[in-house]
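A.B. asks: have a look; sequence and predicted model below, questions after that.
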Amino acid sequence: MNRRDLLKIAGMAAGEALALPFFESPAAAVADLPQVDIEVRRLKLRHTWTTTMSSSEFRDTVHLRYTRDGVTGFGEGAPIVRYHENAADSEKAVESVRAFLLKVDPWRFSKNCSELFHKLEGQFAAKAAIDIAWMDWICKKLGVPLYRYLGLDSNDTPLTTFSIGIDTPEVTKQKTVEAEAFPILKIKVGLTTDEPTIEAVRSVTRKPLRVDANEGWRDKEEAVRKINWLETQGVEFIEQPMPAAMLEETRWVRERVHIPILADEACLNAAAVPNLVNAYDGVNIKLDKTGGIQEALRTIAVARALKMKTMLGCMVSSSVSVTAAAHLSPLVDYADLDGNLLIANDPFTGVKVEKGKLILPDSPGLGLTPA
Ligand code: MG
């Protein structure tokens, strides 16, 4: 059954209801009928965003609105090209489980999540959008913010870094100056301009840096040389220096450097973590990789049990996904939750950042308000 059928059953003029802006809660007129709305949203980047993977002016993410009993939960997932995902396929994946979403009791979200993961192979962005919308809905029904539902203290949020994508030294300098409000920066490297990039940043600030090579270095001796140099530049840790598949080489590198190495592309979800011990010191967890909040919590738990450092990261996405991740951030050592700050057309406001500190909304659910 699709939305139009549901509206017919509810005796409403479908055209009237469909004219509602996507990000507003649908009318209570269909209060007793569950409703699932999906939309691919084009997020415009403030600066061209370049990493070792790609260069882009915009990113498409999939948004989901789950309405039941007069309450609407919002979810979002950013498809990751690295895992062969795109927005059109993510949207199709959500469509393929629409009947399931309309049928299940959202209060059984844990059971539902297990079933969803069996139904959908891969498609982590689609899963994330669904899981986040369920958790927003549950917490709104309970009348508590997500962090409170998880038993966390909003004072414990870490500082977030602000990310600087790969660019010319001049633009890198300008971006670094613009990021003055952030006490820690994350610098993307991994192409041929690593040293000039760091030198450009260092010409305008002495603040701590974290560096992400996005699998850019394929030679283990080169990786050691680069990291040893970064150690002299006030870099706190290095993220994914070598390709995920080069686990033995990364282990070799780790024995020769003095700052922690964190896994990002090498760490999809909880099952990936045990294999990373001894090659990495920590993991970067993203809702778009784990397929939502529930699997992200498991990934954090496994990493912590194995005494690894934990970081919550994000893709370029709106405040829906970034705020969801921010609610989990009191659990982790580091945060890189700035994806919403990189875009010019965020449909919501949610988590805020003050001098780098993540400030969680205190209203029920994710605590989003239309921008
Ligand atoms: Mg990364």
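C.D. replies: Thanks, I have it. Numbers count the residues shown, from 1 in each chain.
A.B. asks: contacts and neighbour counts: CA atoms only from here.
C.D. replies: Will do.
A.B. asks: run through the stretch 1-150 of the chain and note the low-pLDDT ranges.
C.D. replies: 1-31 (pLDDT under 70).
A.B. asks: mind jotting down where the strands sit in it?
C.D. replies: For the stretch 1-150 of the chain, applying DSSP state E, counting those that start in this stretch gives strands covering 35-50, 55-68, 71-77.
A.B. asks: okay, now Ala213: neighbour count?
C.D. replies: Neighbours of Ala213 under the rule other Cα atoms under 10 Å: 21.
A.B. asks: among the strands of the stretch 1-150 of the chain, which is the most enclosed?
C.D. replies: strand 71-77 (a mean of 28; mean count of other Cα atoms under 10 Å).
A.B. asks: what pairs with that one, parallel or antiparallel?
C.D. replies: Strand pairing for strand 71-77, determined by DSSP bridges: strand 55-68 (antiparallel).
A.B. asks: can you pull the contacts of the residue nearest to Asn228 when sequence neighbours are not counted?
C.D. replies: Nearest non-adjacent residue to Asn228, counting by Cα to Cα, 6 or more residues apart in numbering: Val257, 6.2 Å away. Neighbour list for Val257: Val224, Ile227, Asn228 [criterion: Cα atoms under 8 Å, 6 or more residues apart in numbering].
A.B. asks: 10 Å - rerun?
C.D. replies: Ala223, Val224, Arg225, Lys226, Ile227, Asn228, Trp229, Glu231 (Cα atoms under 10 Å, 6 or more residues apart in numbering).
A.B. asks: list the contacts of the nearest residue to Asp212 once chain neighbours are set aside.
C.D. replies: Leaving aside its sequence neighbours, Asp212 sits nearest to Glu239 (Cα to Cα, 6+ apart; 4.5 Å). With contact taken as Cα under 10 Å, 6+ apart, Glu239 is in contact with 186, 188-189, 210-215, 260-265, 280-284.
A.B. asks: give me the buried subset of those.
C.D. replies: 186, 188-189, 210-215, 261-265, 280-284 (16 or more other Cα atoms under 10 Å).
A.B. asks: so which of those sit within strands?
C.D. replies: Lys186, Lys188, Arg210, Val211, Asp212, Ile261, Leu262, Ala263, Gly282, Val283, Asn284 (DSSP state E).
A.B. asks: related to what we said a few turns ago, of all the contacts of Val257, which two lie farthest apart?
C.D. replies: Within the contacts of Val257, Ala223 and Glu231 form the most distant pair, 12.2 Å apart (Cα to Cα).
A.B. asks: more neighbours, the two?
C.D. replies: Shown here are Ala223 and Glu231; by other Cα under 10 Å, Ala223 has more neighbours (23 against 15).
A.B. asks: in contact with the residue positioned nearest the centre of the chain: list those residues for me.
C.D. replies: Nearest residue to the geometric centre of the chain (Cα atoms, centre = their mean): Cys314, 2.7 Å. Going by Cα under 10 Å, 6+ apart, Cys314 touches 78, 284-289, 321-322, 325-326, 335-340.
A.B. asks: and for Ala245?
C.D. replies: Glu215, Glu265, Ala266.
A.B. asks: I'd like to know how far it sits from Arg251.
C.D. replies: For Ala245, the distance to Arg251 equals 12 Å [Cα to Cα, to the nearest Å].
A.B. asks: could you pull out the buried residues of stretch 168-175?
C.D. replies: Pro169, Val171, Thr172, Lys173, Lys175.
A.B. asks: Lys44: which of the contacts of Ala245 is nearest?
C.D. replies: Nearest to Lys44 among these, with distances taken as Cα to Cα, is Glu265, at 24.0 Å.
A.B. asks: hang on, that closest one packs against Gln240?
C.D. replies: Yes. With contacts counted by Cα atoms under 10 Å, Glu265 reaches Gln240, the gap being 6.8 Å.
A.B. asks: shared neighbours of the two, which are they?
C.D. replies: Common neighbours of Glu265 and Gln240 (Cα under 10 Å, 6+ apart) are Asn214, Glu215, Val283, Asn284.
A.B. asks: quick one: pLDDT of the second one?
C.D. replies: Turning to Glu215, the model gives it a pLDDT of 96.
A.B. asks: for the third one, same thing?
C.D. replies: On the pLDDT scale, Val283 is placed at 98.
A.B. asks: go ahead and confirm it touches Gln240.
C.D. replies: Yes. Judged on Cα under 10 Å, Val283 makes contact with Gln240 at a distance of 9.4 Å.
A.B. asks: if I look at the two, which residues touch both of them?
C.D. replies: With Cα under 10 Å, 6+ apart, Val283 and Gln240 have common neighbours Ile261, Leu262, Ala263, Asp264, Glu265, Ala266, Cys267.
A.B. asks: that older thread, could the contacts of Ala245 be laid out in JSON lines, adding distance to Phe124?
C.D. replies: Shown next, in JSON lines, are these (distance: Cα to Cα, whole Å):
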{"residue": "Glu215", "distance to Phe124": "21"}
{"residue": "Glu265", "distance to Phe124": "14"}
{"residue": "Ala266", "distance to Phe124": "15"}
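A.B. asks: which one of those is nearest to Leu33?
C.D. replies: Scanning those for proximity to Leu33, where the rule is Cα to Cα, the winner is Glu265, at 39.9 Å.
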